[in-house]
Structure formats: structure tokens, C-alpha cells
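[1] Quick one: sequence and predicted model below, then my questions.
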Amino acid sequence: MTIRAATPADHDEIARICLLTGNAGGDDTGRHGDDALLADVYAIPYLHGPAGFALVWDEGDGAIGYVMGTADTRAFQGWFSDSWWPSVAHRHPLRVEADESVLRSAADPERLLTAVVDDYPAHLHIDLLPQAQGKGAGRALIEAACALLTERGVAGVHLDIDPRNDAARQFYPRVGFSTLAGQPAELFVRSLG
């Protein structure tokens, strides 16, 4: 079991993991008009965007889980809206009803700018295939990401969960994240200082 920085060779596996975990932690295959949509919004940009990072869990045969994000959510959101999404949006026309909310989210220039971004400027996403679950991979990836962000001088990190994902709601407090009074129950934060 290895945690390593993602490489361009991991692109397809990262997209696959994103798809297979994109429905509140479950398989989202076939629900959208294009199975690449979720990865182009929620995963692949972190391989290219400002202050981005991507670490993968690899048991010897390629990535079966990842944690990715950015140390600077404001800069990342600006880049996503100005550069990334305009460069890939043409591949994702509205095809089925399930596409609508994802496309609307991707086009929102403030989608990642939550109320906590000033105090918790980094954000991350973590997804694990079933064969990586229950082995400590999630905790190890979160700790590796938080160590990387601490090395970059980041004061805090935040993340949102799908409200239907009860496993995530139980997991994040066990790895040092908490919710804040007055903020949505799906928004978790962790101080890094």
C-alpha cells in the first residue's frame, strides 16, 4: 500500500474512481449523458489548477483511491471559471436531466467560495473504491493531504459532502474535521496550525 503523488498516467483511473463514487459514494455510471462529466468538474481540474494537489492510494496495480484539492480555493475557483470550464464545457452539453445540476454548479463562478474560505482556504475531495475501504486508506490519505497543506503554510481546510452520504458524515469527525455553528451540516472544516 502506497500513497504517492498522482501522475498524468493516473488520469483515467482518477476519472474512473470519480465516476464509481460519484453518487453519494456509490456508482454513478450511466446516470449522466456523459460519464466523463463528473471527473471534469470534481477531479481532473485538481491535476492542473493553481495550488492543486492529488495523492493516490495504490496497492500495486494503480490508483484505487485519491485525495485531491487545492491550497488556495479562491485562486482555484477563478482559474476553474476563467480557464478550465470554458476549455471543457463544450464536451458536456445538457443531455439528460441528471446533468443539469452538475452543469449549473460548474458554471457558477462562486461555487467553491463558501463562507469559511477565508479561515479555511484549502479544500479537498477524497474518494475510495470499495477495495480500498476499511484498510485505513481514507485516514492515511487525509493525513497526507493535511501534512502537505501544512507544509505549504495553509491555516485550514474545508470540504462539502453530499447530504445523502452518511458514511462520509461519520468519517470526517474521526479524522479531525468538525462542523461550525451557523454553517450547513454538510460543510466540514479542520484547522492545520
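    Structure's in. What do you need? Residues are numbered from 1 along each chain as shown.
[2] Spatially central residue in the protein, please.
    residue 125 (2.4 Å; CA atoms, centre = their mean).
[3] ok, and the closest non-adjacent residue to that residue?
    residue 68 (5.7 Å; CB to CB, 6 or more residues apart in numbering). Placement of C-beta: from N, CA and C, glycine included.
[4] Next one: the residue nearest to the centre of the chain from residue 174, what distance?
    18 Å (CB to CB, to the nearest Å).
[5] what do you get for residue 180?
    Distance from residue 180 to residue 174, by CB to CB: 18 Å.
[6] who has more neighbours, those two?
    Neighbour comparison, residue 180 and residue 174: the larger count goes to residue 180, with 15 against 10 (by other CB atoms under 10 Å).
[7] That one in helix, strand or coil?
    The assignment at residue 180 comes out as coil when based on DSSP: H, G, I helix; E, B strand; the rest coil.
[8] That one: what's it in contact with?
    With contact taken as CB atoms under 8 Å, 6 or more residues apart in numbering, residue 180 is in contact with 116, 187, 189.
[9] Which of these ranks first by neighbour count?
    Using other CB under 10 Å as the neighbour criterion, residue 189 leads the contacts of residue 180 with 20 neighbours.
[10] Looks like it contacts residue 120 (just checking).
    Yes: using CB atoms under 8 Å, residue 189 makes contact with residue 120 at a distance of 4.7 Å.
[11] Pull up the overlap in contacts between these two.
    By CB under 8 Å, 6+ apart, residue 189 and residue 120 have these common neighbours: 156, 157, 158.
[12] Would you convert the residues you listed into JSON lines that also reports secondary structure and distance to residue 44?
    Shown next, in JSON lines, are the shared contacts of residue 189 and residue 120 (DSSP: H, G, I helix; E, B strand; the rest coil; distance: CB to CB, whole Å):
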{"residue": "156", "secondary structure": "strand", "distance to residue 44": "25"}
{"residue": "157", "secondary structure": "strand", "distance to residue 44": "20"}
{"residue": "158", "secondary structure": "strand", "distance to residue 44": "21"}
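[13] Save those as a markdown table, and put in pLDDT, distance to residue 56 and neighbour count too.
    Shown next, in a markdown table, are the shared contacts of residue 189 and residue 120 (pLDDT from 0 to 100; distance: CB to CB, whole Å; neighbours: other CB atoms under 10 Å):
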| residue | pLDDT | distance to residue 56 | neighbour count |
| --- | --- | --- | --- |
| 156 | 98 | 24 | 19 |
| 157 | 98 | 18 | 27 |
| 158 | 98 | 22 | 24 |
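[14] Thanks again, I'm all set now.
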